[in-house]
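Visitor: Build me a model from this:
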Amino acid sequence: MKRLPRLLLLAITCCSTALAAEPITVNVWPSKPPGETKELPPEADQTKPEDKLIAGRRIIKLGNVSTPQIAIYRPAPDKDTGASVVICPGGGHHILAYDLEGTEVATWLNETGVTGIVLKYRVPFRNPDQRWHAAVQDAQRAMSLVRSKAAEWKLDPKRIGLLGFSAGGQVAGLTALLGNDRQYEPIDETDKTSCRPDFAVLIYPGGFEEKGQPRLRDDVVAKVTKDAPPMFFVHAFDDGVTALNTLLLAAELKKVGVSTEVHTYATGGHGYGLRHVDGQPVTDWPQPCTAWMKTLRLIK
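Guide: Reported below is the predicted structural model:
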């Protein structure tokens, strides 16, 4: 049999890999999300040429999201552990850092045998008094949607986690703390399924500390109960979004007996996602996070 030229083999391999990586995309809501009353401009990448590079590369700053969706990235069948994680990108509730804190995270999760599910939640925020509210509604609905489809998508309904960065860390944290205290009126059979994540990973989260004071916001403290799931935290001490957001919440969880693991680093700043930077150990946080998931038997 005649051997195929090397370049053709490479092309076929690359094409197959690209096809295998194509996600399944599903709308989070069957129609308009709750509380939506006005039309936004079209959804678009709002990155500018002069924007700061992260680890030498640009990022996607997705704005004007009105139709929340989940994009489901599956690991290779021989690696699949049945665990899954819904990913909440950050962006200050203005935009979503969609690749840096979304699709790139799904790729890492796939390598560990976990299904990565990127949540495209509504931005910019709708309610200036509760900037997190629409995003948490979308996250709760996404959790119920994934769990309701667990059998169809071959996922373990008892190993569905939530991972968020910065503002997305606030969304993930509040969703975890709220449990099944749904922030919208149930609309269909999907909402009869639990929206509580089985574990949560918060990377440089914000929005928990009382602004300018070294204590948690009262409304956050009120949500911390023994029923919260295990949580994993990462923060750098020189982060402009203060590490007190992580330390104070972890301490409050400790008081009620919720398992937590906290990794704090001297330097690293904010907004690195999981892009490695030489000399900044904080950017290698996926390694201890993987070990934590194995310790809790979330992955094998």
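Visitor: residues near the residue nearest to P30 when sequence neighbours are not counted, how many?
Guide: Leaving aside its sequence neighbours, P30 sits nearest to D188 (C-beta to C-beta, 6 or more residues apart in numbering; 6.7 Å). Quick note: C-beta positions are derived from backbone N, CA and C, even for glycine. By the criterion of other C-beta atoms under 10 Å, D188 has 10 neighbours.
Visitor: mind checking how far D188 is from L298?
Guide: 29 Å (C-beta to C-beta, to the nearest Å).
Visitor: likewise G82?
Guide: 10 Å.
Visitor: One more: V282?
Guide: For V282, the distance to L298 - C-beta to C-beta - is 22 Å.
Visitor: same question, E43
Guide: In terms of C-beta to C-beta, E43 sits 33 Å off from L298.
Visitor: Please identify which of these two sits among more neighbours.
Guide: L298 (24 against 15).
Visitor: The more buried one: what secondary structure?
Guide: coil (DSSP: H, G, I helix; E, B strand; the rest coil).
Visitor: wait, it sits on K158?
Guide: No - applying C-beta atoms under 8 Å as the test, L298 and K158 come out as separate, 9.7 Å apart.
Visitor: Now for these two: what residues contact both?
Guide: D198 (C-beta atoms under 8 Å, 6 or more residues apart in numbering).
Visitor: May I have the phi/psi pair for N110?
Guide: Taking degrees, to the nearest 10, you get phi -60, psi -40 for the backbone angles of N110.
Visitor: Isn't it up against G116?
Guide: Yes - shown here, N110 and G116 form a contact pair, counting by C-beta under 8 Å, at 5.8 Å.
Visitor: Find residues that contact each of these two.
Guide: Y73.
Visitor: Tell me which of those two has more neighbours.
Guide: Legend: neighbour count by other C-beta under 10 Å for N110 and G116, higher for G116 (26 against 19).
Visitor: which helices and strands sit right next to the strand or helix carrying that one?
Guide: For G116, the element it lies in under DSSP states H and E is strand 115-120. The elements that strand 115-120 packs onto, with contact taken as 3 or more C-beta pairs under 8 Å, 6 or more residues apart in numbering; DSSP states H and E, are strand 69-73, strand 84-88, helix 104-111, helix 133-148.
Visitor: which one of these lies closest to G168?
Guide: strand 84-88 (3.4 Å; C-beta to C-beta).
Visitor: tell me what whichever helix or strand comes after that closest one is packed against?
Guide: Using DSSP H and E, the helix or strand that follows strand 84-88 in sequence is strand 96-97. In terms of contacts (3+ C-beta pairs under 8 Å, 6+ apart), strand 96-97 is packed against strand 61-63.
Visitor: ok, the strand it packs on: who's next to it in the sheet?
Guide: strand 44-45 (antiparallel), strand 96-97 (antiparallel) (DSSP bridges).
Visitor: By mean pLDDT, flag the weakest helix or strand of the chain.
Guide: Sorting the helices and strands of the chain by mean pLDDT, DSSP states H and E puts helix 6-21 at the bottom, at a mean of 40.
Visitor: quick one, what contacts V201?
Guide: 85, 161-164, 172, 231-232, 289.
Visitor: would it count as being in a strand?
Guide: Yes - if the criterion is three-state DSSP, then V201 is within a strand.
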